[in-house]
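1. show me the folded form of this:
(one chain, ligands or ions: 1)
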Amino acid sequence: NRKHRLAYDVERVVQEHLTYVREEISDGWDLIHQEGEMKVYRREVEENGIVVDPLKIFHSIKGVTGHEICHYFWDYRYRMEWETTLDSTKIIEVLEPDTVIFFQMHKRVWPAAQRDSCFWSHIRCISNSEEDQPTWLVVNYTTPHHLAPIKSPHVRLVANVALICETIINEPPLNIQDIKRENIECKLTYVAFVNPGGWVPSAALRSVAKREYPRFLKRFTSYVLEQTRDKPILF
Ligand SMILES: CCCc1ccc(-c2ccc(S(=O)(=O)CCO)cc2)cc1[C@H]1C[C@H]1c1ccccn1
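-> Below is the predicted model:
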């Protein structure tokens with residue numbers, strides 16, 4: 001039986017991401033940025049002359065769990081502390097404790113018109129019996145909403161974004177309560193399918209994306225490290 005009106009959509013999109021995240025980086029993906037453990041890949045795709053390049057970022061962060069990374073990414077309370085590309089963000093509907101609907105005003109990316117976004121945001125833990133640590137994920141997926149009317153001159157983004165995290169425990173001590181932060185590591189895959197929703201000069205958008213995605217992921221993961229440093233580990 002259906003939990004809420006978007007439950008089927010959420011299930012479908014989550015399963016799609018879980019299918020594709022394991023897909024190897026095949027040809028057609030260009031490595032456009034590498035910084036420490038972070039590898040940023042992009043495919044060049046245009047739809048009706050609009051750049052809709054898929055982005056795929058692999059990163060691993062020592063000292064945090066996948067649950068912690070997904071918690072700080074999903075929970076609106078922290079968003080404005082790490083997201084520098086937003087003017088505002090607010091929850092306009094709670095569908096269930098782990099699925100909410102956001103409305104966001106994005107900072108204007110000159111020369112494009114200002115973008116806004118409305119998406120459902122879902123957090124989930126997937127415990128696979130054989131492996132020791134579960135997979136945590138967050139999906140942000142554009143959805144229309146009566147409390148997020150599209151008002152000119154703003155242009156509505158169309159986004160399908162997923163953050164999928166595994167937790168690795170290096171040299172696990174005998175009993176789990178002795179695990180320290182230096183024994184843990186989060187391996188994450190971030191995928192973003194963003195359609196800017198209206199024409200943006202291709203070269204400008206590609207250079208903004210190339211600069212902004214690594215910057216936002218680096219800033220976000222540093223923020224989580226800072227917030228969790230002296231807190232008990234959240235597995
Ligand atoms: C003209 C469209 C510009 C533009 C608008 C928005 C986004 C964007 C949307 C969602 C998410 S998120 O991961 O779901 C976090 C929640 O906010 C990140 C980024 C990306 C771009 C493209 C330009 C790239 C970029 C990437 C990262 C940050 C800002 N801009």
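2. contacts, neighbours, all on C-alpha from now
-> OK.
3. got the contact list for stretch 191-208?
-> 49-57, 111-112, 115, 155-163 (CA atoms under 8 Å, 6 or more residues apart in numbering).
4. is there proximity between stretch 50-68 and the ligand?
-> No: counting by CA under 6 Å from any ligand atom, the ligand has no neighbours in stretch 50-68; the shortest distance is 9.2 Å.
5. and what of stretch 164-181?
-> No: with CA under 6 Å from any ligand atom as the criterion, the ligand is not reached by stretch 164-181; the gap is at least 11.7 Å.
6. pull out the buried positions in that stretch.
-> Ile164, Cys165, Glu166, Thr167, Ile168, Ile169, Ile179, Arg181 (16 or more other CA atoms under 10 Å).
7. narrow the residues you listed to those in strands?
-> Ile164, Cys165, Glu166, Thr167, Ile168, Ile169 (DSSP state E).
8. so what sits opposite the third one in the bridge?
-> It refers to Glu166. Thr135, Lys187 (DSSP bridges).
9. so which of the buried residues of stretch 164-181 is the closest to the ligand?
-> Ile164 (11.7 Å; CA to the nearest ligand atom).
10. tell me where the model's unsure across this protein.
-> Counting by pLDDT under 70, the chain shows low-confidence ranges at 131.
11. which positions in it make contact with the ligand?
-> So the chain meets the ligand at Thr85, Val109, Asn140, Val161, Pro196, Leu205, Val208, Ala209, Glu212, Tyr213, Phe216 (CA under 6 Å from any ligand atom).
12. mind putting the ones in strands among the buried residues of stretch 164-181 in CSV, distance to Lys62 included?
-> Output for those, formatted as CSV (distance: CA to CA, whole Å):
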residue, distance to Lys62
Ile164, 16
Cys165, 13
Glu166, 12
Thr167, 10
Ile168, 9
Ile169, 10
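13. quick one, helices of the chain?
-> Here the chain has its helices, by DSSP state H, at 7-21, 66-74, 79-82, 202-228.
14. among those helices, which is the most enclosed?
-> Among those, the stretch with the highest mean neighbour count (mean count of other CA atoms under 10 Å) is helix 66-74, at a mean of 23.
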